[in-house]
Structure formats: C-alpha cells, structure tokens
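A.B. asks: Curious how this folds, go ahead:
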Amino acid sequence: MYAILDIETTGGKFNEEGITEIAIYKFDGTQIVDQFISLVNPEKAIQPFVVNLTGINNGMLKNAPKFFEVAKRIVEITTDCILVAHNANFDNRILTTEFRRLGFDFERNTLCTVELSQKLMPEQSSYKLGKLCRSLGIPVSSRHRADGDAIATVQLFKLLLNKDTSKEIVKQAIKIENSKKLAPKLLSILDELPSTAGLFYIYNSEKTIIYIGKGKNIKKTVNQLFLRTSKKAQIIQNTVITVSFEETGNELIAQLKYLEEIKINKPKFNFKAKNNFTKIEFSNENLLVIDKGRSIGEKSVLLIENSELIGFGYTELSHQINNIEILRNLVSPMENSLSNRNTVKNYLQKNTVEKLIRF
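C.D. replies: Presented below is the predicted three-dimensional model:
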C-alpha cells in the first residue's frame, strides 16, 4: 500500500518551515482507496515568494486546523504504507520535523518519483513535475497546490509501476510474514487477489520472485495452482510467502507482460517456451490497438509503428491517444520479438478489441 502525498510550506530556514497544505492519497497499486486533503495553519507567516507561487496566503489559513489537529489522521492514513512523493526527501523531512515538535517519532519508508522517473524514463529532458507531466500528457489541475500535485503524482506513479518490469517498486512494499500455518496462509493470500485479468507474482522469504502466472481471472488461476498436486505446485505452495498481482485490463497485455517478465525476472519455476515460427507480419505498418483498461474509463494502448511492436500503456484521456509524441512517452517499451509479434497477431485474429486505429 502506498500513501502518495504532496505538501506545501511557508518557506523559510531549513527545518523551520511550517506546513500550509497537505494532500494524501492512499493507493493500493490499482486505485485510490482513501484520501485526506486539508489546509493547515502553520502558526507563522508565509514567505511572500511562496504566496506568489501557491496562491495560499495567511488569511486563508487563519481558521484552518493546526498541525496537531490533523496529525492523528495523517498517522492513520499512512500506517503500513510507503510514502511516495515527487522529491520524497523534502516531504518526509517536513512531516518528520512537524511530528518531532509534537514528541512523536514518525517513521515511514519512502519512494521518490523523481528518482524512479530518472531510472525508468531516462530519455526525459526534465524531471520537474510540471514539465514531466506535460510530456506524458498527465493533466495537473492546480500546480503548486497540494491536491493538484498529489493527484498528478498518483497518475505518474501508476505509469512508473507499469514501466517497472523488474518489480523493484513492488518488492519494497512486500512484508515478510511467515508465522501462519500453510492452509490458512494460502486462504489469506487468495482473499487479497482480484477476479480480473492480469499477472501474479509468487515470492519466497527472500523477496525473490519464484513463479509468475497469468490469467483472465487472477484469483481463480492462483486458486487452481494452490489446489494442484504436482511436485512443482507443492513446492510453490510450501515456499510461497506472499503473492503480488498486476491487473492488465485484458488478456493481450497479460500475455505480453508475462513473456517479457519471465525473461527479465527468470523465476525458478517458470520455463521459457520455444519458438516454432520464423517470421510474423502485421496487416498494417502503423497501428494502435485500443482495448479495455484496468478501471472504468481507462483504455489500454498497444503501439505498432513502422511494422515494429513499440510497446503498450494505459490512458484515460483521448488527447493522449491522438498525440503520437505523448504516446511514445507513455508506452512501456516492449521487445519486437517473434514471440511478442506472434502473441499480438494471434490475439487479434481470435479476439475482438475495442478499436483499431491505422495511421
């Protein structure tokens, strides 16, 4: 679970700043499950340049709650969560300082979307939130206000999760808990899984992925694995500590990600299939395959350009689909391999997608 946040402050000397606004979105990896947004009375004056930047002035905060009045809610919404922010060191330092003034030791693990973006999208020219979101077609409703920046960071983080094929982000969020007996443990794992299309990742006590599976119903597929009696299935059942999942919205993306992530993560109990084909041609050189996304209003997009498979991504905005430059930034690159091309061609021959756009 992630607590994605943004904080606005008064400005001033290091560790003497006060919080003027905070927005926190609790995010389960797929959707927002809770949120907290509030102005905060910092009990000190706001620096003039900050007023010009954020539009928040001293008068707006006169009747706002003081930090000690919102502290309990912040603790509640961030408990058992990793803090995620754009420049996370700053937001975490400000929160830690405010809680220290109250005599409370506030400790949370953090992830920084600046650092993640630099690692997963090295081609970007700028990693400032506004410029980065503009290049990715992510709207920012109120720049330099906590709510607007936090919700933009949620959308950016969803994109980064999709691009993180080695699952380093998810591994940081895994908690190792091996005190339960086998049967209740497996039942508990199943309770947390969705009945939607996607992939699942089985981890051992060392946070190593030992098996990757896919299906149009993740919970049903994992349940079937837990009921099998083969030697391999029994080893997995006895070794599993936790299972993470990634919803894909449709089976085509699940199949493509499955092939890609087995190659990247090399799970112990997966075996690479042999290719029995030599050449795969697409019916059109430039093609967008539009299909169901992971939530209502979202669409998956598969990009084929100059007869090459470029990659896939997700969008909720039509202008992102209509702008090829934005799409190139949005998609997670995918190998233009025979197996991937064969997967796409077979799927399109046997299934109906929402839309095919030739350009």
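A.B. asks: Was I right to think His86 contacts Asp6?
C.D. replies: Yes: assessed by Cβ atoms under 8 Å, His86 is found in contact with Asp6 at 7.2 Å. In this view, the C-beta of every residue, glycine as well, is placed from N, C-alpha and C.
A.B. asks: Quick check: neighbours shared by these two?
C.D. replies: 149, 153 (Cβ atoms under 8 Å, 6 or more residues apart in numbering).
A.B. asks: Compute the first-to-last residue distance for stretch 236-245.
C.D. replies: Terminal residues of stretch 236-245 are spaced 16 Å apart (Cα to Cα, to the nearest Å).
A.B. asks: the helices in the chain, which residues?
C.D. replies: Taking DSSP state H as the test, the helices found in the chain are 48-54, 67-78, 88-101, 113-120, 129-136, 146-163, 168-173, 182-191, 218-227, 231-239, 251-265, 318-322, 324-330, 338-350.
A.B. asks: Which of those has the lowest mean pLDDT?
C.D. replies: With a mean of 73, helix 182-191 has the lowest mean pLDDT of these.
A.B. asks: Go through that one and flag the buried ones.
C.D. replies: Within helix 182-191, the residues that count as buried by 16 or more other Cβ atoms under 10 Å are 185-186, 189.
A.B. asks: From Gln255, how far out is Asn346?
C.D. replies: As for Asn346, its distance to Gln255 is 9 Å (criterion: Cβ to Cβ, to the nearest Å).
A.B. asks: So which of the two has more stuff around it?
C.D. replies: It is Gln255, of Asn346 and Gln255, that has more neighbours when counted by other Cβ atoms under 10 Å, with 20 against 13.
A.B. asks: list the contacts for the residue lying closest to Ala85 once chain neighbours are set aside?
C.D. replies: Of all residues not flanking Ala85 in the chain, Asp91 sits nearest, at 4.1 Å (Cβ to Cβ, 6 or more residues apart in numbering). For Asp91, the contact set (Cβ under 8 Å, 6+ apart) comprises 5-7, 83, 85.
A.B. asks: what does Val114 give?
C.D. replies: Shown in contact with Val114 (Cβ under 8 Å, 6+ apart): 86-88, 127.
A.B. asks: Export the residues you listed as a markdown table, with columns for neighbour count.
C.D. replies: Listed next are the contacts of Val114 as a markdown table, based on neighbours: other Cβ atoms under 10 Å:
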| residue | neighbour count |
| --- | --- |
| His86 | 27 |
| Asn87 | 16 |
| Ala88 | 22 |
| Tyr127 | 16 |
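A.B. asks: ok, which pair from those residues is furthest apart?
C.D. replies: Across these, the longest distance by Cβ to Cβ is 13.0 Å; it joins Ala88 and Tyr127.
A.B. asks: List the buried residues of stretch 42-52.
C.D. replies: For stretch 42-52, burial by neighbour count (16+ other Cβ under 10 Å) applies to 42, 46, 50-51.
A.B. asks: Ok, stretch 286-296 next?
C.D. replies: Result for stretch 286-296 [16+ other Cβ under 10 Å]: buried residues 287-294.
A.B. asks: can you give me the mean pLDDT across it?
C.D. replies: On average, stretch 286-296 scores 91.
A.B. asks: How about exporting that stretch as PDB, limited to the C-alpha atoms?
C.D. replies: Provided in PDB are the C-alpha atoms of stretch 286-296 (Å, rounded to 0.1, in the frame of the first residue of the first chain):
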ATOM      1  CA  ASN A 286       1.300   1.700 -38.200                       C
ATOM      2  CA  LEU A 287      -1.400   0.600 -35.800                       C
ATOM      3  CA  LEU A 288      -2.900   1.400 -32.400                       C
ATOM      4  CA  VAL A 289      -4.700  -1.400 -30.600                       C
ATOM      5  CA  ILE A 290      -7.200   0.100 -28.200                       C
ATOM      6  CA  ASP A 291      -8.900  -2.200 -25.600                       C
ATOM      7  CA  LYS A 292     -10.200  -2.300 -22.100                       C
ATOM      8  CA  GLY A 293      -8.100  -0.800 -19.300                       C
ATOM      9  CA  ARG A 294      -7.800  -1.700 -15.600                       C
ATOM     10  CA  SER A 295     -10.600   0.600 -14.500                       C
ATOM     11  CA  ILE A 296     -13.800   2.300 -15.800                       C
END
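A.B. asks: mind checking how far that stretch is from the chain centre?
C.D. replies: Centre-to-centre, stretch 286-296 and its host chain are 18 Å apart (Cα atoms, centre = their mean, to the nearest Å).
A.B. asks: still on that earlier bit, can you tell me which of the buried residues of stretch 286-296 is nearest Ser205?
C.D. replies: Distances from Ser205 to the buried residues of stretch 286-296, taken by Cβ to Cβ, are shortest for Arg294, at 29.5 Å.
A.B. asks: distance of the closest one from Met1?
C.D. replies: For Arg294, the distance to Met1 (Cβ to Cβ) stands at 17 Å.
A.B. asks: what does Gly313 give?
C.D. replies: Separation of Gly313 from Met1 (Cβ to Cβ) stands at 24 Å.
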